[in-house]
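1. Structure for this input, please:
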Amino acid sequence: MNIILNGPGRSGTTLLSKLICYHKDLAWISGWVNRYPHILKLSCFNDLYRKELINIDFSKTSKMPKPSEAYGFWNHYIKRFDESYRLSETEIINTKNAIKKIVALQGKQHFITKITGDLRTNIFNDLFDDYTIIWIERDPRVVVSSYIKQRWFYKNDPEAYDNLTMNEKIKFYSNYYLKNYRGSKDANVKVVFYEDMCQDPVIFFEDLLNYLGLEFTKWHKEKISNVKINKVNWSFYKSRYNEEEISLLNAMLEEPLTEYNYNRD
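-> Predicted structure coming up:
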């Protein structure tokens, strides 16, 4: 089984990846392999992520291998890892072989990876006979607010960012979110929600792993139960906007707010 974790960005993909990748049967691309994609044998060390020794949780140690949003890996084997690129036969063969080796080196049964934004089904259709997309959503006002806070696309041009009015930022980032939200409708995705994961992570992963046909072990449950989740919701960001800006956010994001039943308060 091949699993693709995705979302519009700033929606909980990293937390979802972190917690599901504790599963004993899942192979994934580590930050080590992402940095050195030609050295696939580094995948042998991924099980350190699940190890504890003398009360040291290796998954929380900075130098240990962790699940990665592995664009370094994808861009090593594929010329352009984007939704418009068509893979060559050589790229298909080399990437397939690399993924098979990663799974084999970890001694696992299934492969999982995390990306954000575009579905890139053009690429995954060539690489996998079958795969499941888990798409994680979050209150879109929080997502857009996080884009603004992180200055997405403007980190290297702070002057241009500062010259934008708040209304301009809301429109720009709302349209980016909506592009990804609407793009997720182009494939059969399993939609899950950040808020549900935060409210009761054990029930959330029990449901998700059952959907995927994977065992939810006692160790995995305990591991997830002990993770401290920083819950950031709309009320955290709402006070940063005036009434006009809140109205603009609600208007721009009306479609997903309605579909996902988020309150407008």
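2. Going by C-alpha atoms from here, please, whenever you check contacts or count neighbours.
-> Noted.
3. now the strands for the chain?
-> Using DSSP state E, the strands found in the chain span residues 2-6, 26-27, 52-53, 56-57, 110-114, 132-137, 189-193.
4. With respect to Phe81, which of those strands lies nearest?
-> For the strands of the chain, distance to Phe81 was read as CA to CA. The smallest value, 13.3 Å, belongs to strand 110-114.
5. quick one on the thing from earlier: just send the strands of the chain back as a markdown table, with mean pLDDT, mean neighbour count and distance to Asn250 too.
-> Listed next are these as a markdown table, based on pLDDT from 0 to 100; neighbours: other CA atoms under 10 Å; distance: least, CA to CA, whole Å:
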| stretch | mean pLDDT | mean neighbour count | distance to Asn250 |
| --- | --- | --- | --- |
| strand 2-6 | 98 | 21 | 24 |
| strand 26-27 | 98 | 24 | 39 |
| strand 52-53 | 70 | 9 | 45 |
| strand 56-57 | 68 | 12 | 42 |
| strand 110-114 | 98 | 21 | 29 |
| strand 132-137 | 98 | 22 | 16 |
| strand 189-193 | 98 | 16 | 19 |
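6. Could you export the ones you listed as CSV, including distance to Ser84?
-> CSV is the format used below for those (distance: least, CA to CA, whole Å):
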stretch, distance to Ser84
strand 2-6, 18
strand 26-27, 27
strand 52-53, 43
strand 56-57, 41
strand 110-114, 19
strand 132-137, 19
strand 189-193, 20
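7. Contact partners for the residue nearest to Lys24 when sequence neighbours are not counted?
-> Excluding its sequence neighbours, the residue lying closest to Lys24 (CA to CA, 6 or more residues apart in numbering) is Lys108, at 7.6 Å. If you count contacts by CA atoms under 8 Å, 6 or more residues apart in numbering, Lys108 has them with 24-27.
8. how near is Lys108 to Ile102?
-> Counting by CA to CA, to the nearest Å, the gap between Lys108 and Ile102 amounts to 9 Å.
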